[in-house]
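>>> Sequence and predicted model, in that order:
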Amino acid sequence: MKKTIRTKPRVPMLLAVLLLTFTSTLAAQELPLLLQERYIMAHLGFQRQYATSYESPDDISLGYTIFNGEFPVIIHAEGPELSLYSGSPLFIPAFLSGGTTNQIGYLDAYRNYTPIALLSLGWRHDLLKTGNLANDGFFASWGWRAGILSGGLGYHFAHERPVGYLGASLDNVGISLSASPVNLKATLTYRTEKSWSISTSVELDEDGRASFGVGFGLSRKDYAAEAIFTDDWNLSVAHRGSMLNAPENTHSAFEWALGQPHFVAIETDIQLTSDGKFLLIHDPILLRYSHGFDMVRNLTSEELRSLDMGSWFSPDFAGAQVLDLAQLGEISNANPDVYWLLELKNLIWTREEATRFLKEIDEAFDHPEKIGFYTVTLEMMELMQSLTDRPVGIQLDTVKMMFYYSDHLMPLVKAEYRPLVRNADFFTLLSSKFDRQEQLIELSEELGIPVMLWNFHDVIAGYVPRDLRHYPLGMPKMLDGALFKE
């Protein structure tokens with residue numbers, strides 16, 4: 001039985017919030033990417049000369065704490081810290097930062113459980129704190145992740161000082177602890193379902209000074225895959241066939257998905273090669289598949305199909321090949337009850353390329369009425385919608401689309417997403433947005449289109465509006481949309 005959707009009072013939009021934080025900064029400043037929290041906080045802090053003193057505070061301060069958004073641009077600002085992080089770790093497991101903290105490092109963006117989530121080297125300066133570019137020293141960092149827990153160690157060579165970090169991220173509570181030989185800091189954050197949050201912190205230094213802070217703002221957590229399945233989010237789509245049991249988008253991955261009774265559809269990725277062929281491959285750069293920095297768009301289909309696309313996942317899958325549309329059609333034709341969602345990974349095609357793609361679909365698939373599409377740009381979505389009456393959706397969490405919205409101001413979620421998805425037949429988001437589920441459900445019901453949450457696991461979970469649950473995947477066009485517009 002489906003749960004009844006409860007409409008709660010809307011939180012007023014606050015356009016000007018959050019200015020300043022408590023002067024004492026996070027000791028593990030080189031490890032912000034380990035935080036399974038995203039936050040914008042305004043803080044009031046005060047400091048005592050001794051932790052046991054009951055006299056008036058020696059210092060009162062205001063400040064801000066910001067760690068917002070996702071790649072390709074992340075801002076970390078707190079007290080004298082102002083750093084920008086950039087990268088595309090979904091394709092290249094690395095990042096760069098510049099500003100107060102300057103580093104280059106390895107980042108595992110795929111696994112929730114890994115002993116090496118982060119490795120980095122860098123240096124810091126005190127420009128914002130002292131007004132000059134004096135070098136604060138080189139450092140190295142290592143971090144791990146285990147579900148809701150994360151931790152790490154850093155070492156400052158100039159000060160010959162280690163620093164450690166440990167954090168836990170629960171649905172409504174975030175806890176972090178950082179420690180070094182010269183200070184100890186603990187922070188506790190509580191957040192409501194609408195993301196409004198309050199935090200408290202305490203820090204002790206080696207001279208006995210105690211700093212206390214209280215903050216108010218917005219925060220959210222990154223959700224693990226298993227968190228997103230509820231009575232409402234119960235539409236199950238196999239992501240790239242499989243990401244955990246076989247190399248993605250290969251024949252083995254689709255075989256695994258077809259053996260799972262709870263999947264109603266299988267999702268896969270389509271890219272265009274340099275010789276105009278359509279192949280099933282996710283990353284635009286081949287590095288994750290152990291084939292260097294070659295770009296898919298610069299290689300021919302013959303070159304790509306000669307690559308071993310299984311050994312990077314496991315030696316058991318050595319020799320797996322990239323599939324083309326004809327091979328995908330064979331799999332679909334042998335399993336006529338399965339629906340397919342094809343994500344078109346290129347930012348844009350020409351009209352001729354898009355038309356040729358649809359013609360190849362028509363030739364290869366006995367049941368094109370089982371197929372839907374989604375794109376990574378609005379321009380590509382509009383192009384496909386001009387050519388087909390099949391469902392065409394939009395993927396919001398892409399490098400280009402993420403510049404259209406702030407990604408962290410929860411009260412603005414519907415206002416930000418609505419103009420991007422209003423003309424789509426469905427839309428998809430990272431599952432880290434699951435804390436916005438009530439607003440996403442409200443937007444889904446308002447626009448009459450399904451919303452799907454994906455992650456680096458085997459399942460895409462979807463919510464279908466109540467009035468559309470009798471349609472396949474909640475999409476009327478999946479039932480009767482023609483492959484070609486008349």
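Happy to help now that I have it.

>>> Let me see the backbone angles for residue 353.
With angles defined as degrees, to the nearest 10, residue 353 sits at phi -60, psi -40.

>>> Contact partners for it?
By Cβ atoms under 8 Å, 6 or more residues apart in numbering, the contact list for residue 353 reads 272, 276. Bear in mind the C-beta positions are built from the backbone N, C-alpha and C, glycine included.

>>> cool, and the one 10 residues further on?
Shown in contact with residue 363 (Cβ under 8 Å, 6+ apart): residue 329.

>>> Tell me the secondary structure at it.
Assigned by DSSP: H, G, I helix; E, B strand; the rest coil, the conformation of residue 363 is helix.

>>> how close does it sit to residue 305?
19 Å (Cβ to Cβ, to the nearest Å).

>>> Next: residue 152.
According to Cβ to Cβ, residue 152 and residue 305 sit 41 Å apart.

>>> These two: who's more crowded?
A direct count of neighbours by other Cβ atoms under 10 Å for residue 152 and residue 305 places residue 152 higher, at 24 against 17.

>>> What is the least confident helix or strand in the protein?
In the chain, no helix or strand scores lower on mean pLDDT, DSSP states H and E than helix 127-130, which sits at a mean of 63.

>>> So residue 197 lies in a strand, does it not?
Yes - under three-state DSSP, residue 197 sits within a strand.

>>> my guess is it meets residue 188, correct?
No - between residue 197 and residue 188 there is no contact, the gap being 10.6 Å when judged by Cβ atoms under 8 Å.

>>> Which one's more surrounded, these two?
residue 197 (23 against 14).

>>> where in the stretch 251-400 of the chain is pLDDT low?
399-400 (pLDDT under 70).

>>> How are the strands of it distributed by residue range?
265-272, 278-280, 323-324, 339-344, 371-375, 392-395 (DSSP state E, counting those that start in this stretch).

>>> what are the phi and psi angles of residue 451?
phi -130, psi 140.

>>> what residues are up against residue 182?
Contacts for residue 182 (Cβ under 8 Å, 6+ apart) come out as 161, 205, 206.

>>> Model confidence score at it, please.
Per-residue pLDDT puts residue 182 at 89.

>>> cool, and residue 9?
On the pLDDT scale, residue 9 gets 34.

>>> Show residues contacting stretch 419-426.
372, 374, 378, 381-382, 385, 391-394, 396, 401, 404-405, 427, 443, 447, 449-452, 462, 473-475, 477.

>>> which parts of it are buried?
420, 421, 424, 425, 426 (16 or more other Cβ atoms under 10 Å).

>>> out of those, what pair is the most spread apart?
420 and 425 (13.4 Å; Cβ to Cβ).

>>> For the stretch 251-400 of the chain, which segments count as helices?
251-258, 301-305, 325-334, 351-364, 378-387 (DSSP state H, counting those that start in this stretch).

>>> So which of these is the most surrounded?
Neighbour counts (mean count of other Cβ atoms under 10 Å) averaged over each of the helices of the stretch 251-400 of the chain peak at helix 251-258, with a mean of 21.

>>> returning to that earlier point: now the buried residues of stretch 419-426 in a markdown table, with distance to residue 335, secondary structure and pLDDT?
Formatted as a markdown table, the buried residues of stretch 419-426 follow (distance: Cβ to Cβ, whole Å; DSSP: H, G, I helix; E, B strand; the rest coil; pLDDT from 0 to 100):
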| residue | distance to residue 335 | secondary structure | pLDDT |
| --- | --- | --- | --- |
| 420 | 33 | helix | 92 |
| 421 | 30 | helix | 95 |
| 424 | 27 | coil | 98 |
| 425 | 23 | coil | 98 |
| 426 | 22 | coil | 98 |
